[in-house]
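In: my questions concern the predicted model and sequence given below.
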Amino acid sequence: MNVGKAELANIGPKETRKRLIMGVAMLAMGVVMAVIFTHAGVSRGWYAALFLPFWMGTLAASQARKKT
């Protein structure tokens with residue numbers, strides 16, 4: 001028996017767009033921070049701070065893509 005995967009979106013287009021914009025903004029912030037850290041010559045421990053914007057950006061973009 002073939003049962004297709006049912007995709008149920010629980011957010012509308014307005015919220016999807018908001019999450020996509022937030023995801024792209026957070027990913028861009030992470031890239032900008034990485035460039036600043038590299039040019040400023042900060043110690044390697046500070047690079048751990050990049051986890052938060054990259055994680056938030058990836059999560060928001062993923063939610064927008066899957067509409068969840």
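Out: Received, thanks.
In: now the residue most central in space within the chain: which helix or strand?
Out: Nearest to the mean C-alpha position of the chain, by CA atoms, centre = their mean, lies Gly57 at 1.6 Å. Using DSSP states H and E, Gly57 sits within helix 51-66.
In: state the distance from the closest residue to Ala60 other than its chain neighbours to Ala48.
Out: Leaving aside its chain neighbours, Ala60 sits nearest to Gly23 (3.4 Å; criterion: CB to CB, 6 or more residues apart in numbering). In this view, the C-beta of every residue, glycine as well, is placed from N, C-alpha and C. Distance from Gly23 to Ala48, counting by CB to CB, to the nearest Å: 21 Å.
In: residues of the longest helix along the chain that come out buried?
Out: Criterion DSSP state H: the longest helix present in the chain is helix 13-40. Going by neighbour count (16 or more other CB atoms under 10 Å), the buried part of helix 13-40 is 16, 19, 22-23, 26-27, 29-30, 33, 37.
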